[in-house]
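Peer 1: sequence below, structure please.
(one chain, ligands or ions: 1)
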Amino acid sequence: MAVVYRSWKALTQNAILTRSVSNSLRLYSQKPPAPVVPLVNVEVDDKSGVAVVTLNRPPVNSLNTPLLTELGAAIKNLEDNKSRGMILTSSSDTVFSAGLDILEMYNTPKDQLSAFWTTLQSTWLSLYRSSFPTVAAINGHSPAGGCLLALSCEYRVMVGPKFSIGLNETQLGIVAPPWFVICMRDVIGHRQTELALTTGRLFSAPEALKIGLIDSMVSNKAEAMAEAQKFITQFAKIPPLARKLTKESVRGEGIRYMEDNMIDDLQIFMDLVTQPKIQKGLEMYLATLKKK
Ligand SMILES: CCCCCCCCCC/C=C/CC(=O)SCCNC(=O)CCNC(=O)[C@H](O)C(C)(C)COP(=O)(O)OP(=O)(O)OC[C@H]1O[C@@H](n2cnc3c(N)ncnc32)[C@H](O)[C@@H]1OP(=O)(O)O
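Peer 2: Purely as a prediction, here's the structure:
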């Protein structure tokens, strides 16, 4: 028995030695690990105290769990540091955000699907109810979840005329949840929301300006950033607590909806998105996006 034990021990030690030599050799032959690039960049201007939060998930800033988690953490950090304001924009020249990452909803294990949706819910709520002023500098296309992010800010400046924005969910055979609808309705009104959402219409920037979906159209990102800064500057003389409580009061319906319905909302999402018919629809939509 002792002999067997000794030889087994020798064998394992030998294996450990061989493994560590080959690991070192592998380390020498490996390229250095790629630097971890943040999916969300935050830069705070020293003078104004305004934070520029840039979505940075090429090619189209589709919103997956890691990106939403980073965005939520960035907002919490600004909240903790009593930020003066936040401008949400994109590192892409043509896309603000392509909305939810369809790959997070297609053929996804239930625990991941649930984590994805709860991350979206909590990040959305922290953006929507943030105590500091928020502006979306929409420097590219902004469909569906991208439009939701923009709607959740207090002011929208969009680079035009060629980019589009809107809640196009019905065109994909899915349904914009009630909190998406509340956001849209609070910005463009009941009638326009019904027309826009039932048709899943994407608006060009000039059309969006006409119905009030965006507040201003500019011709490039620099102009968008300047106008966003200007919007935030006007709050310098408004007492922050009065501002925050007023914003919470105006946005009360959306905030309460989410606080009271998080679990039901998750359940409805899971039930709907896992239906074979919806999965087939998402598969076909992904295929059309890839074929372009
Ligand atoms: C009663 C209430 C019940 C509630 C129940 C809830 C139900 C579920 C609700 C779910 C809500 C969903 C909201 C969403 O956000 S769904 C996402 C909708 N998004 C879109 O429709 C946009 C799709 N994308 C585009 O139109 C275009 O990509 C673009 C944004 C206009 C940009 O065009 P561009 O030409 O620059 O880029 P490409 O189209 O070539 O795309 C580059 C690659 O990126 C991939 N891609 C694009 N969009 C997405 C996406 N949203 N998710 C994942 N992947 C995406 C595309 O396939 C290309 O990939 P490739 O390089 O591999 O080919």
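Peer 1: could you use CA atoms for every contact and neighbour count after this?
Peer 2: OK.
Peer 1: residue 156 in helix, strand or coil?
Peer 2: Following DSSP: H, G, I helix; E, B strand; the rest coil, we place residue 156 in the strand state.
Peer 1: that one bridge partners, please.
Peer 2: In this entry, residue 156 is beta-bridged to residue 136, by DSSP bridges.
Peer 1: residue 207 and residue 250, how far apart?
Peer 2: 26 Å (CA to CA, to the nearest Å).
Peer 1: who has more neighbours out of the two?
Peer 2: residue 207 (15 against 12; other CA atoms under 10 Å).
Peer 1: need the next SSE after the host helix or strand of that one, C-terminal direction.
Peer 2: If you go by DSSP states H and E, residue 207 is part of helix 205-211. Counting by DSSP H and E, the next helix or strand C-terminal to helix 205-211 is strand 216-218.
Peer 1: packing partners for whichever helix or strand comes after that next one?
Peer 2: Once the chain leaves strand 216-218, the next helix or strand it forms, by DSSP H and E, is helix 221-233. Contacts defined by 3 or more CA pairs under 8 Å, 6 or more residues apart in numbering; DSSP states H and E place helix 221-233 against strand 85-90, strand 134-138, strand 155-159.
Peer 1: got the contact list for the second one?
Peer 2: Think strand 134-138. Contacts to strand 134-138, defined as CA atoms under 8 Å, 6 or more residues apart in numbering, come from residues 85-90, 96, 149-150, 153-159, 221, 224-225, 228, 231-232.
Peer 1: what strands flank the helix or strand following that strand, and is each parallel or antiparallel?
Peer 2: Heading C-terminal from strand 134-138, the first helix or strand you meet, by DSSP H and E, is strand 142-143. Strand 142-143 sits in its sheet next to strand 164-166 (parallel), going by DSSP bridges.
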